[in-house]
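Trainee: Here is my input; please provide its structure:
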Amino acid sequence: MNDEIIDEVRAIKESIGAKFNYNLRALFEEIKRGEAESQAKGIKLVLPPANPENLPTSALQRGKTRRRQIHHSNPA
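Mentor: As a prediction, the model looks like this:
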């Protein structure tokens, strides 16, 4: 099955990888540089929650809860 959206996402991922020579450290440093540049322009970045476990309505919390339920229901 060929999905044009998935193909486009994969092409973007490949392009970004090639731009940074598949070096995650270089990509991370570029992201941090861009964040610092945005903050210097006065743009406020949205930080991740300090305690996501206290946010029961978030997708992150629902995922963690679901994984815990699956983990505890499977005897090893």
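Trainee: Strands of the chain, residue ranges please.
Mentor: Assigned by DSSP state E, the chain shows no strands.
Trainee: and it, what are its domains?
Mentor: Domain segmentation of the chain under automatic domain parsing yields 1-45, 47-76.
Trainee: so where's this structure uncertain?
Mentor: 1, 55-76 (pLDDT under 70).
Trainee: Try it again at 90.
Mentor: Low-confidence segments of the chain, defined by pLDDT under 90: 1-2, 45-76.
Trainee: all helices of it, in order?
Mentor: Along the chain, counting by DSSP state H, helices occupy 4-19, 24-40, 59-73.
Trainee: got the angle for the first one vs helix 24-40?
Mentor: Counting by axes from the mean of the first three to the mean of the last three CA atoms, to 10 degrees, helix 4-19 lies at 100 degrees to helix 24-40.
Trainee: I would like the residues contacting helix 4-19, please.
Mentor: The contact list for helix 4-19, computed with CB atoms under 8 Å, 6 or more residues apart in numbering, reads residue 27. No exception for glycine: its C-beta is placed from N, CA and C like everyone else's.
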